[in-house]
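Chemist: here is a sequence with its predicted model. Questions after.
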Amino acid sequence: LGMYPMNPASGNYVFGWPCVDKATIALNNGKEFEIVVRRSNKEALRIHSTTFNGKPLNDMYIRHADMMQGGKLVFTLE
């Protein structure tokens with residue numbers, strides 16, 4: 001999915017390389033957490049930017065608590 005829990009006790013998921021173009025996770029609270037990957041080309045080699053619900057993420061991680069509120073995480077690769 002492009003993220004993993006580096007330290008499970010922190011509640012943060014660090015960004016890695018997404019292997020899918022899109023994924024939707026149904027949350028227990030009835031909401032959905034969507035991951036979308038936008039590539040500038042098939043050979044895109046790095047994460048250029050990430051947004052969550054349309055807002056830029058300045059860190060290379062997302063908080064578990066934010067994910068559980070539902071929303072859309074977008075990776076832009078170039």
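Modeler: It's in.

Chemist: any weak-confidence spans in the protein?
Modeler: Across the chain, nothing is flagged by pLDDT under 70.

Chemist: hmm, 80 instead?
Modeler: Filtered on pLDDT under 80, the chain yields the residue ranges 8, 45.

Chemist: so where do the strands sit in it?
Modeler: 3-7, 12-15, 22-26, 32-39, 47-52, 55-56, 61-63, 71-77 (DSSP state E).

Chemist: so M6 touches G16, yeah?
Modeler: No - using CB atoms under 8 Å, M6 makes no contact with G16, being 9.4 Å away. For the C-beta atoms, the positions are set from N, CA and C on the backbone; glycine is no exception.

Chemist: I62: neighbour count?
Modeler: When counting by other CB atoms under 10 Å, one arrives at 21 neighbours for I62.

Chemist: mind listing what it touches?
Modeler: By CB atoms under 8 Å, 6 or more residues apart in numbering, I62 lies in contact with 3, 12-13, 15, 50, 52, 73.

Chemist: also W17?
Modeler: Counting by CB under 8 Å, 6+ apart, W17 makes contact with 2, 47.

Chemist: so how far is A26 from it?
Modeler: Using CB to CB, to the nearest Å, we find W17 at a distance of 24 Å from A26.

Chemist: same question for N12.
Modeler: 22 Å.

Chemist: next one: V37
Modeler: Noted for V37: a distance of 19 Å to A26, by CB to CB.

Chemist: cool, F75 as well?
Modeler: On the measure of CB to CB, F75 and A26 end up 20 Å apart.

Chemist: neighbour count: those two, which is higher?
Modeler: With neighbours defined as other CB under 10 Å, F75 and A26 compare such that F75 has more, 23 against 10.

Chemist: nearest residue to the more buried one in space, please, no chain neighbours.
Modeler: Counting by CB to CB, 6 or more residues apart in numbering, V37 is the residue found nearest to F75 once chain neighbours are left out, at 4.8 Å.

Chemist: please consider this matter closed, and thank you.
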